[in-house]
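Enquirer: Quick one: sequence and predicted model below, then my questions.
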Amino acid sequence: MKGSEAVKSKSIPEYWAIKPGFEEEIKKIINERPEPEISLDYEIAENDYVKTGKASSDVKFFLKKLGVNPEVLRRVAVASYEAEINVTAHSKGGKVTANIYSDYIIMMFEDYGPGIADIEQAMQPGFSTANELAREMGFGAGLGLPNIKKNCDGMYLSSEPGGSTTLIFFIYYEEKSYAAK
Amino acid sequence: MKLRKIAELLQAEIFCTEEQLEREVPCAFGSDLISDILMCTKEPTVLLTGLTNPQVIRLSDMIDLIAVIFVRGKKPSPELIEMAEERDLPMISTAFTLYKSSGLLYNEGLRSCKI
Ligand SMILES: Nc1ncnc2c1ncn2[C@@H]1O[C@H](COP(=O)(O)OP(=O)(O)OP(=O)(O)O)[C@@H](O)[C@H]1O
Ligand SMILES: [Mg+2]
C-alpha cells in the first residue's frame, strides 16, 4: 500500500481511532496492503487559500462518478478537506494520496513538517495554533481533527515536533457495516 | 421559503440569476468558522456568513449549500462570482449583521438546519 510505511514506525507518537466493528478489517488492510484499484496524487501548498481544497473536491467527484452514496461522499469530502486545510494552514506543504478500492477509500496526507508537539492535545476540540491568516480565512476553531475522527471509520495520526505529520483515514462506502459485528 | 423572499427580507443585493432566486430553501445555518459549518450541515442548507474568501465557495464542493448569504455588507469579489457561477451557487449580500439576518429569517419561519 503506497505511502503506508509510516504506520510501521515505532518511536514516533501516534494516535489511532477506529469505529467499533472496523478493527478487524482495518488490521487486515494494514497487514496485507492490497493494491488499490486507482490511486490519485496531489500536492498541497502552504498558505495557498485559493487552491487548497481542490484535491478533496476532485476525490469527491471521482467517487461520485463511481456511484458512492451522497452521505458517504459528504463524509469523505469533509474529512479530506479538513486534512488538506491542516496541511495548508499548519505545515510547510505536503502531499495527499487517495487510494481507491472497490468498497473503501484510504487517504494519506503527509507534510514536510514542522510536526505536532502533542497529538492528544491537538485532538482536543477547541485546541488550535492557527495563525492570523488562517483565522482570517475562517479556520482555527480547533475542530478539524475531531471532525475527521467523527467522519471516518478509521483514522491514524502520527507526528513529532520537528518531523513531518502523517494522517491516514479509512472510509467504507457501505454505511450499514457500522452495525456488523 | 424561496431565496427571493429571503433576499427581500434582508434587502439584499443579488449576485445570481432570476432563476436561481426561485430556489426553495428548507433551512439555514450561520457561522464564520469553516469547521463549524462542515460539522453542522448535513442537509441542503443556505449559509449565512461574513467570510468572503474562495474557501467559502470551495465549501460548497464538500457539503450541500443551496445559496450563500454574505452579511454585514460583505460582497463577493469578481473571482468569487466566477467560482460560484461555475458551481451554479447563488449568492446574495445584505448590510444586516449575522444576528439580525438570522432573526429576521427565523421569525418568518425559516428553520435552523439539523445539526
Ligand atoms: N499537518 C499539521 N502539521 C502541524 N500541526 C498540525 C497539523 N494538523 C493539525 N495540527 C495542529 O493541531 C491543531 C488542531 O488541528 P484542528 O484541525 O483540529 O484545528 P485547527 O486546524 O486549528 O482549526 P480548524 O480545523 O477548526 O479550522 C492545529 O491548530 C495545529 O496546532
Ligand atoms: Mg484544521
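Expert: That came through, no problem. Ligands and ions are numbered 1, 2, ... in the order given.

Enquirer: Find the centremost residue of chain B, please.
Expert: Residue closest to the mean C-alpha point of chain B, counted by Cα atoms, centre = their mean, is residue B:68 at 2.2 Å.

Enquirer: how about residue A:150, what does it touch?
Expert: Counting by Cβ atoms under 8 Å, 6 or more residues apart in numbering or on different chains, residue A:150 makes contact with residue B:39. Any C-beta I mention is one placed from the backbone N, CA and C, and that applies to glycine too.

Enquirer: Quick check: it is in a helix.
Expert: Yes: judged by DSSP: H, G, I helix; E, B strand; the rest coil, residue A:150 forms part of a helix.

Enquirer: tell me the pLDDT at the closest residue to residue A:52 other than its chain neighbours?
Expert: With Cβ to Cβ, 6 or more residues apart in numbering or on different chains as the criterion, residue A:52 has its nearest non-adjacent residue at 4.1 Å, and that residue is residue A:88. According to the prediction, residue A:88 has pLDDT 98.

Enquirer: host element of residue A:88?
Expert: The secondary structure element spanning residue A:88 is helix A:70-90 (assigned by DSSP states H and E).

Enquirer: same check, this time on residue A:115
Expert: Assigning secondary structure by DSSP H and E places residue A:115 outside every helix and strand.

Enquirer: three-state assignment of the closest residue to ligand 2 within chain B?
Expert: The nearest approach of chain B to ligand 2 comes at residue B:35, 6.2 Å away (Cβ to the ion). For residue B:35, the secondary-structure state derived from three-state DSSP is helix.

Enquirer: mind checking the end-to-end distance for stretch A:147-159?
Expert: Its first and final residues considered, stretch A:147-159 spans 18 Å by Cα to Cα, to the nearest Å.

Enquirer: repeat for stretch B:18-35
Expert: 31 Å.

Enquirer: average pLDDT across it?
Expert: Confidence over stretch B:18-35, taken as the mean pLDDT, stands at 97.

Enquirer: Next: stretch B:78-85.
Expert: When pLDDT is averaged along stretch B:78-85, the result is 97.

Enquirer: Name the residues of that stretch that are buried.
Expert: The neighbour-count check on stretch B:78-85 (16 or more other Cβ atoms under 10 Å in any protein chain shown) flags B:80, B:83, B:84 as buried.

Enquirer: swap in stretch A:112-123?
Expert: Burial within stretch A:112-123, assessed by neighbour count using 16+ other Cβ under 10 Å, is assigned to A:113, A:114, A:115, A:116, A:119, A:122, A:123.

Enquirer: interface residues of chain B facing chain A?
Expert: B:32-36, B:38-39, B:42, B:49, B:51, B:53-56, B:58, B:61-64 (Cβ under 8 Å from any Cβ of the partner chain).

Enquirer: looking at it, the residue of chain B closest to ligand 2 is touching residue A:144, isn't it?
Expert: Yes: counting by Cβ atoms under 8 Å, residue B:35 does reach residue A:144; the two are 5.2 Å apart.

Enquirer: between the two, who's got more neighbours?
Expert: residue A:144 (28 against 25; other Cβ atoms under 10 Å in any protein chain shown).
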